[in-house]
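J.: Here's a sequence, model it:
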Amino acid sequence: MQTAKEIMTTKVVTIKSSATIAEALELMRAKKLRALVVEPDEPNDNYGILTEADVVYKVAANGERPESVIVANIMTKPCIKVDPEMSVQEVAGLFANHHIRRAPVVKNELLGVISAFDIVRQTMWWQG
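T.: Alright, predicted model coming up:
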């Protein structure tokens, strides 16, 4: 059975928690992403995640200006993280149980990101 490290995306785009939502949105637009991994503030700190849903539900819906809100105020931290040795089935179960669509893959350091799309793409490969 395949593992998370075999299907994850290794080119991860990160952002600092001190960045503004406007900066995050520009980065997401430029890289065509729906989420960014938020860097730990300190060496032993946890990663966070900022998704487009966070921006919609926590900034736009409240009439906030993206220039005046910082990532730290709306991101999910600590976020669910995936061990690179987890099976794809385990990752799918984790996503289902926690109602998430993506998570950083971490083993002492950030190795990649795995998404529901990665799992779907892999499932389609099995069938084709």
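
J.: Just the strands from the protein, written as ranges.
T.: Secondary structure of the chain by DSSP state E: the strands cover 14-15, 35-38, 48-51, 102-106, 110-115.

J.: just so I know, which of those strands lies nearest residue 87?
T.: For residue 87, the closest of those is strand 110-115, at 11.6 Å, according to C-beta to C-beta. For the C-beta atoms, the positions are set from N, CA and C on the backbone; glycine is no exception.

J.: contact partners of that closest one?
T.: Under the criterion C-beta atoms under 8 Å, 6 or more residues apart in numbering, residues 4-5, 7-10, 12, 14, 35, 37, 47, 82, 84, 91, 101-105 lie in contact with strand 110-115.

J.: between that strand and strand 102-106, how big is the angle?
T.: If you take axes from the mean of the first three to the mean of the last three C-alpha atoms, to 10 degrees, strand 110-115 sits at 160 degrees to strand 102-106.

J.: Count the neighbours of residue 10 for me.
T.: The burial count assigned to residue 10 is 10, neighbours taken as other C-beta atoms under 10 Å.
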